[in-house]
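**Q** Pasted the sequence and its predicted model underneath.
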Amino acid sequence: MSQLAHSLHVTKIERLTLCHDGQMATFGHGRSATGRCQDTMKTAHVLKRPILCLFALLAFCSASFFHVLVFAGEHSEAALLGQARQNFKPLPKDMGTPEFPTTPERVALGRALFFDPRLSLDGTVSCSRCHLPSLYGTDALPRAIGVENRLNPRNAPTILNAALQFADHWYGDRSSVEEQAAKSFLGNASFGNPDFASVIVKIKAVPSYENMFAKAFPGEKDPVTQENTAKAIGAYERTLVTPAPFDTYLKGDAKALSPEAKAGLTEFIGAGCTSCHNGVGIGGGMFQKFGLIDDYWKATKSKEVDKGRSSVTNNSADQYVFKVPMLRNVAMTPPYFHDGSVATLPEAVRIMAKVQLGKEINDAHIKKIIVFLESLTGSLPENFATPPTLPPAGFRGRE
């Protein structure tokens, strides 16, 4: 008989003695208990020592395995949060800078100017026409429509969190939201004004505005200028941050994301999406060619092929290169891509995996990623959700 078989063979019976309260007093050949249990012992059922040891070992292993699982789960949670923090950053309170501060006076003026259509060529277009609060700072159109129903060449991205980006516009040909604001007044398919002098005439036709400019830019002899108009609108836009559950998660609250969202975050990182979509904006920090692996228009079925930044740089290396869009609030801002050619987020995710990463991903993987992307949806800022009452004045009209 082998040593193992011999150890399990019934050869020897020993006695387990317990106290009346269940505490072990002796174990072995009937040794006497000591202390308070000595007079209250009772003999337990006769057990085989090897079998008892086996049960004890199984109980110990089960408990140990449970603790290993808990530890592994906690370690996995911590590892995922660590990966997320390496790739992303939570939103700041606002997006003001020393150069472009968000003083209350500038923000109040900028908010009024942002929603005022009287500053356009025909009195119908404001910044909010393409950046509607009800549509999370977009217009839900493939391509934006400006004055006199003129069609813009590209899709209008959300204005929410936009000041986080390293450049503005799909081509990245605006250095800041302030430059974007200044030039939009002169855009043929935006506000349509022939020059900024005509904009200043419209601003001064609203009596309250001159006083608001004086408060926002104290000490200036004539503060109603193109630069100050842009600074005021920019100051307002720099307050439009939308903290989301993902920000709470990045700050250390693991419960802020559901298990499904965490699974999607794991997929998002593992697939390589963070090579472009990273940082505080989950994008908006670099240029990239759209269609690294395959021609994008074949996947998006775009009616026109946009050459990208090469149209403004005249550099062939910039062909089909665009600014990488932010993904904050992406679940709320269809349609997708520079030309609004894709209507749904699942289809946009599938296309990005194919043309940027060379991967075919199934519906189950897409669904996980979508749940994560939904955790990037934040609440609308109060000063954006409800448009302001504008100071009274009739539209000045064309000069």
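**A** Nice, thanks for sending it over. Numbering: from 1, shown residues only.

**Q** where does the stretch 51-200 of the chain dip in pLDDT?
**A** 51-75 (pLDDT under 70).

**Q** Break down it into its helices, ranges please.
**A** 104-115, 127-130, 177-184, 196-204 (DSSP state H, counting those that start in this stretch).

**Q** what separates the longest one from the chain centre, distance-wise?
**A** Going back to what we said before, that points to helix 104-115. 26 Å (CA atoms, centre = their mean, to the nearest Å).

**Q** Repeat that for the third one.
**A** Using CA atoms, centre = their mean, the mean C-alpha position of helix 177-184 is found 24 Å from that of the whole chain.

**Q** and what of stretch 263-272?
**A** 14 Å.

**Q** Quick check: buried residues in that stretch?
**A** Neighbour-count burial for stretch 263-272 flags 263-269, 271 (criterion: 16 or more other CB atoms under 10 Å). Where C-beta positions appear, they are placed from N, C-alpha and C, glycine not excepted.

**Q** where do the strands sit along this protein?
**A** Using DSSP state E, the strands of the chain run over residues 15-18, 24-28, 42-43, 287-289, 321-323.

**Q** If you average pLDDT over each of those, which is lowest?
**A** Between the strands of the chain, the one with the least mean pLDDT is strand 15-18; it has a mean of 34.

**Q** Redo the helices of the stretch 51-200 of the chain as a markdown table? Include mean neighbour count and distance to Ala78.
**A** Below are these laid out as a markdown table (neighbours: other CB atoms under 10 Å; distance: least, CB to CB, whole Å):
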| stretch | mean neighbour count | distance to Ala78 |
| --- | --- | --- |
| helix 104-115 | 22 | 39 |
| helix 127-130 | 21 | 42 |
| helix 177-184 | 21 | 37 |
| helix 196-204 | 18 | 54 |
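
**Q** Just put these in CSV and tack on distance to Ile145.
**A** Formatted as CSV, those follow (distance: least, CB to CB, whole Å):
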stretch, distance to Ile145
helix 104-115, 17
helix 127-130, 8
helix 177-184, 14
helix 196-204, 20
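
**Q** hang on, Ile159 packs against Asp139?
**A** No: contact criterion CB atoms under 8 Å: Ile159 and Asp139 do not qualify, at 10.6 Å.

**Q** who's in contact with Arg174?
**A** 167-168, 180, 183 (CB atoms under 8 Å, 6 or more residues apart in numbering).

**Q** what do you get for Arg129?
**A** 117, 139, 144-146.

**Q** run the last query once more with 6 Å
**A** Counting by CB atoms under 6 Å, 6 or more residues apart in numbering, Arg129 makes contact with nothing.

**Q** Ok, Thr97 next?
**A** With CB under 6 Å, 6+ apart, Thr97 has no contacts at all.

**Q** Ramachandran angles for it?
**A** phi -130, psi 170 (degrees, to the nearest 10).
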